[in-house]
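A.B. asks: For reference, the sequence and a predicted model appear below.
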Amino acid sequence: MISIRPVAVDAPEAVALVRSYLAEMVDRYHGRRMPASAVDEALADEPADDVAVLLVAYREGVEVGCVGLRRAEERTGEITKMYVSPPYRRLGIGRRLLAAVEDVARDQGLRTLRLDTRHDLVEARAMYAAEGYAEIPPHQDRLYADHWFAKALPH
């Protein structure tokens, strides 16, 4: 059984998941396993205080994934730190996290969600497109982003 609930960004399970997320992003970007110092540097560059809500997915009590939501403009939010631990992929957890963050965004009165991702995250890009996110022009300049998506949230 999968449960999803908000947690503090500094909660131990949140910190562990975000660290795993960043480790995978750094490793995939460089095409090889990187030293822990590279992950520490990425963690320092990713401020946790910009995340308004962090949702964590649990399977049988074990944290298996997360997604963050931060505010952009007045009625626009941004999805960040979308991650599912490798052993738990292809079980629909990513889609459930995406649906959950969309529900939170709607509850906060947001009308649009957007996100950025990279060309090497093929699986993520396919999931976003399948869930109604359309590619858009860049909405911000981020070092590791080369694909941007947005979705209007029905109310």
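C.D. replies: Received the coordinates, thanks.

A.B. asks: For residue 63, give the beta-bridge partners.
C.D. replies: residue 58 (DSSP bridges).

A.B. asks: How much space separates it from residue 3?
C.D. replies: Taking Cβ to Cβ, to the nearest Å as the measure, residue 63 falls 10 Å from residue 3. (C-beta placed from N, C-alpha, C; glycine too.)

A.B. asks: Now do the shared contacts for the two.
C.D. replies: residue 57 (Cβ atoms under 8 Å, 6 or more residues apart in numbering).

A.B. asks: those helices in the chain, which residues are they?
C.D. replies: 12-30, 36-45, 93-107, 122-130 (DSSP state H).

A.B. asks: Could you check the angle the third one makes with helix 122-130?
C.D. replies: When you say that, I think you mean helix 93-107. Counting by axes from the mean of the first three to the mean of the last three Cα atoms, to 10 degrees, helix 93-107 lies at 50 degrees to helix 122-130.

A.B. asks: before we move on, back to that, which of residue 63 and residue 3 has more neighbours?
C.D. replies: Taking other Cβ atoms under 10 Å, residue 63 and residue 3 do not tie; residue 63 has more neighbours (19 against 11).

A.B. asks: quick one: average pLDDT of stretch 76-96?
C.D. replies: Stretch 76-96 shows a mean pLDDT of 94.

A.B. asks: Quick one: end-to-end length of it, please.
C.D. replies: Terminal residues of stretch 76-96 are spaced 21 Å apart (Cα to Cα, to the nearest Å).

A.B. asks: Put the alpha carbons of stretch 21-29 into PDB.
C.D. replies: The C-alpha trace of stretch 21-29 is given here as PDB (Å, rounded to 0.1, in the frame of the first residue of the first chain):
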ATOM      1  CA  TYR A  21      17.600  12.400  -5.700                       C
ATOM      2  CA  LEU A  22      20.600  14.800  -6.000                       C
ATOM      3  CA  ALA A  23      23.100  11.900  -6.100                       C
ATOM      4  CA  GLU A  24      21.300  10.400  -9.000                       C
ATOM      5  CA  MET A  25      20.900  13.700 -10.800                       C
ATOM      6  CA  VAL A  26      24.700  14.400 -10.400                       C
ATOM      7  CA  ASP A  27      25.700  10.900 -11.400                       C
ATOM      8  CA  ARG A  28      23.400  10.800 -14.500                       C
ATOM      9  CA  TYR A  29      24.500  14.200 -15.600                       C
END
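
A.B. asks: Alright, calling it a day.
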